[in-house]
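> mind folding the following:
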Amino acid sequence: MKHRLKYIFVFAPLLLASCANRGSGPQGGPRDTVPPTLIKQTPVSGICNFTGKQIVLQFDEYVQLDNVAENVLISPPQQTPPNVKAIGKRVVVTFEEPFRDSTTYTIDFGRAICDYNEKTPLGNFSYSFATGDYIDTLAMFGKVINAEDLNPVQGVVVGVHENLHDSSFATIPFTRVTKTDSTGQFGVLNMRGGNYRIYALRDVSKDYLYQPSEALAYTDEIFSPTLACDSDSAWYHVPDTIVLRLFTENKTRHYFMRALRDKEQHYFTLLFSAPQDDLPTIVALPPDGADSTINNQQSADASRVDFTQYMLCQANPTKDTLVYWLTDSSVIRMDTLRFLMTYKMSDSLYQLVDTTDTVQAIYRHPRMSQKALEAKQRKNANRTVEIKTNASRKFDIYRSVEWYAATPIHDVSPDSLHLLEKVDTLLQPVAFSLEPSDSSGLRYTLQAKLKPEHSYVLRIDSGAMHDIYGVTNKRYETEYKLRSPDEYSTLTIRLTHFDPRARVQILNEKDQVVRELPAQAEGAVFKYLEAKSFYVRMYIDADGNGQWTTGDWALKRQPEPVYYFDKKLTLRANWEFEEEFDHLALPLLKQKPQALIQTNTGKKK
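Below you'll find the predicted structure:
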């Protein structure tokens, strides 16, 4: 008890004092945005004939380290990275691996060193030493941009090779390395004279070697460093002399992921890691007698059913998700569908080879009360074909009306569909044609010659269609009106240096493609554009496939060149605009409008 009273008497005055002074003391101040200041180095940066194992950096305040593995980079790279620790006001670097003879080493700390309280980083700080008689002082500077949209790329490794053979990129670690900053800029420092090849690499494997599927950039040029560097100077203000266009090869591994049949019993879904150029071949297997998921009373019938005769395939736009609608009631009732599936899968060299797997699509009945089950059965019994359209009160002149259903349509009665024009208070029929928009009967397009500023009614009679399960539709009606041509602008883009392979793109303010046309000698004419601001981009469609194509390291193929028109275009309604696009007038790094530039964190510059 004496000890307890003692503590009460000691802390009570402190408690009272804290209550009495609440709000009277300092309440904080402006955020400290000043990074730590280096006041001492042991040994000093630039030392020659270094034989030690440790470097100590002393700062004017307590420091902490942020994400050492990502921020701290030593060049030339070591297999075992140094141990970097913050101890009070010091940063201690301890090396775990022997050094090379007569070599200049550079430690790039990036944004790793921060003050202790506000985590304000000391950016672009590097330390160098030599194991020989002198420090190498040459450097190479440049910028890494994304090949498709010219945005700067942050945090990728840039490395050089003295070995000029192409094979060195995938077989020998880089001679020297650095990383790009938030603007995509880089400086390979402390280089010796000579000839080098330079590369950029999103080094996921962290081995300083190119591995398939890692984003990369390369150039066919051979460089000799001539610029002198000073590790204490702001090297990132040096003009960019090298531009590397980073791309990801179209070498996604193709493999089968899984089969799903968890939502409804009348279809199953096959998921693949990449688009399928050809549909897989499916061969039905008899149910596994040991498979308890098949009801016993169904097993005998199911073993005689080749369910592949009763399937309708629906592929999503990217063709990596395939939905198979089951059209036979006895097949739908089967809880487990077993089949052999032959499809294309990547081998170790990313070549597509035929592969056959045994697959099961299993439906597990959800647990529900009798009341819920009866409600679901009533809903299914009363189900109708649900119809939706893209028609709206203000409908663009250049669009066609589409309607789509939730389940594939088996047949449509054209006489039960009506397109009517509103003339005063009367409705007059309009001739049209109906065309399926996909192979599974889920989407249809209505083609008709319509008049601007006129209103139309699309009417679908009840019973106009049946889906693949024999279910029909209710009566459906929607009204829409075409906009006036006076609401739109026309934009013609003429290329100063016409290239018949070029394709011109109109972009919105989010750098997204709105329209695209092949370039024409007389100009690419974009009609019916909204009266607002747009940007223009073009690319050289070298392979003629109608879309931008990435590069390929094995084929030594660069990504297709991309160019930006450097100004924003603000269009006005009922106006025609013409612009001359000289894609060679400005250096590549000066072309993209500042408002569109984003870092790879998604932030605009």
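> what's the closest non-adjacent residue to Val176?
Residue 176: Arg, not Val. Once flanking residues are discounted, Arg176 sits nearest to Ser75: 4.6 Å by CB to CB, 6 or more residues apart in numbering. In short, each C-beta sits where N, CA and C put it, glycine included.
> kindly report the same for Ala406.
Glu386 (4.7 Å).
> hey, what's the residue nearest to Arg176 bridged with?
Thr106 (DSSP bridges).
> so who does it touch?
Listed by CB atoms under 8 Å, 6 or more residues apart in numbering, the contact set of Ser75 reads 105-108, 176-178, 188-190.
> okay, helices next: where are they in the protein?
With DSSP state H as the criterion, the chain has helices at 2-20, 68-71, 168-171, 296-302, 329-332, 370-381.
> burial count for Pro250?
You called it Pro, but residue 250 is Asn. Around Asn250 sit 11 other residues, with neighbours defined as other CB atoms under 10 Å.
> correct me if wrong: it contacts Ala554.
No - between Asn250 and Ala554 there is no contact under CB atoms under 8 Å: 11.5 Å.
> ok, back up a step: lowest-confidence stretch among the helices of the chain?
Lowest mean pLDDT within those: helix 2-20, at a mean of 36.
> show me what Thr492 bridges to in the sheet.
Val525, Glu578.
> give me the neighbour count for it.
Residues near Thr492, counting by other CB under 10 Å, number 16.
> same check, this time on the one 4 residues further on
As a burial measure, Thr496 scores 10 neighbours (other CB under 10 Å).
> distance of it relative to Phe526?
Taking CB to CB, to the nearest Å as the measure, Thr496 and Phe526 are separated by 18 Å.
> and if you look at Lys376?
To Phe526, Lys376 is 50 Å away according to CB to CB.
> what's the burial count for the closest residue to Ser400 other than its chain neighbours?
Leaving aside its sequence neighbours, Ser400 sits nearest to Thr445 (CB to CB, 6+ apart; 5.1 Å). Thr445 has 16 neighbouring residues, counting by other CB under 10 Å.
> with Tyr456 instead?
Neighbours around Tyr456, by other CB under 10 Å: 23.
> didn't it look like it was pressed against Lys449?
No - between Tyr456 and Lys449 there is no contact under CB under 8 Å: 11.5 Å.
> overlap of the contact sets of the two?
Contact criterion CB under 8 Å, 6+ apart; residues shared by Tyr456 and Lys449: Val430.
> the residue nearest to Tyr199 when sequence neighbours are not counted: what's it in contact with?
Closest residue in space to Tyr199, ignoring its immediate chain neighbours: Tyr218 at 5.0 Å, by CB to CB, 6+ apart. Shown in contact with Tyr218 (CB under 8 Å, 6+ apart): 169, 197-200, 244, 553.
> redo that, cut-off 10 Å
By CB atoms under 10 Å, 6 or more residues apart in numbering, the residues touching Tyr218 are 166, 169, 197-201, 210, 244-247, 551, 553, 556, 558.
> again with Leu446
By CB under 10 Å, 6+ apart, the contact set of Leu446 is 389, 391, 400-403, 417, 419, 430, 432-435, 456, 458.
> list just the nearest of those to Leu322.
Of all the contacts of Leu446, Leu322 sits closest to Glu402, with 22.0 Å by CB to CB.
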